[in-house]
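Engineer: Return atomic coordinates for the entry below.
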Amino acid sequence: MAQKDTDLQKIKELIEIMKRNGLVEVEIKHGDDKILLKCSQPQQATVTAVPMVGPNVSAVPTSPDATEPSATKAPPAAPQQEEDLVEIKSPIVGTFYVTPSPDSEPYVEVGSSVNPQTVVCIVEAMKVMNEIRAETSGTIAEILVTNGQAVEYGQVLFKVKPD
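Structural biologist: All right, here's what the predicted structure looks like:
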């Protein structure tokens, strides 16, 4: 009986840790035992995680801008073509996965139709698989990262042509 109370207390502590750190999912394996906790409101958890990693990578987007002035004629053409595209950015630092498991089909491909609730990928951070949703309606126009690639906070993962 005491063991069950201890286990229940540990689970409650894990839930509190998830809430405090904005984690969407936690999976723990110990020998043959396994526990998987998932948050039912992933968008709130993702929003909570954003401020924790934001300041560390704010300098990353400025380095490509520093190289662009040398090629002033080419960059203006690209933004004009992409003005109508909506960017799906990574809300956290982690590893990008386009499939839920290695032997599964990709969540989306170029040409796939998405709506705000469509899961487009997973970003793994600290062994937690965070589902990233499109948060817009349209068609996937471009996938900018490869499966297994490390991504930064705010990095553009997809470009969507709105409906």
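
Engineer: Next, the buried residues of the longest helix along the chain.
Structural biologist: Scanning the chain for the helix with the most residues, using DSSP state H, yields helix 2-21. Residues of helix 2-21 classed as buried: residue 18 (neighbour count, 16 or more other C-beta atoms under 10 Å). (Each C-beta comes from the backbone N, C-alpha and C, glycine too.)

Engineer: Which strands or helices does that helix pack on?
Structural biologist: strand 25-30, strand 33-38, helix 42-53 (3 or more C-beta pairs under 8 Å, 6 or more residues apart in numbering; DSSP states H and E).

Engineer: ok, residues contacting the second one?
Structural biologist: When contacts are defined by C-beta atoms under 8 Å, 6 or more residues apart in numbering, strand 33-38 is touched by residues 11, 14-15, 18, 24-28.

Engineer: Just flag the most distant two among these.
Structural biologist: With C-beta to C-beta as the measure, no two of the contacts of strand 33-38 lie farther apart than 11 and 24, at 16.7 Å.

Engineer: residue ranges with poor pLDDT in the chain?
Structural biologist: Low-confidence segments of the chain, defined by pLDDT under 70: 1, 40-82.

Engineer: Swap in 50 and give it another go.
Structural biologist: For the chain, the stretches flagged by pLDDT under 50 are 42-80.

Engineer: ok, so of the contacts of strand 33-38, who is nearest residue 39?
Structural biologist: residue 24 (4.9 Å).

Engineer: Help me confirm that that closest one comes into contact with residue 127.
Structural biologist: No - between residue 24 and residue 127 there is no contact under C-beta atoms under 8 Å: 12.0 Å.

Engineer: Look at these two and report which has more neighbours.
Structural biologist: For residue 24 and residue 127, the more surrounded residue by other C-beta atoms under 10 Å is residue 24, and the numbers stand at 24 against 10.

Engineer: Quick check: that one vs residue 129, distance?
Structural biologist: 8 Å (C-beta to C-beta, to the nearest Å).

Engineer: any shared contact partners between these two?
Structural biologist: By C-beta under 8 Å, 6+ apart, no residue touches both residue 24 and residue 129.

Engineer: Switch the contacts of strand 33-38 over to a markdown table; also include distance to residue 161.
Structural biologist: Output for these, formatted as a markdown table (distance: C-beta to C-beta, whole Å):
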| residue | distance to residue 161 |
| --- | --- |
| 11 | 44 |
| 14 | 41 |
| 15 | 40 |
| 18 | 35 |
| 24 | 28 |
| 25 | 30 |
| 26 | 36 |
| 27 | 35 |
| 28 | 41 |
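
Engineer: Sweet, I'm off.
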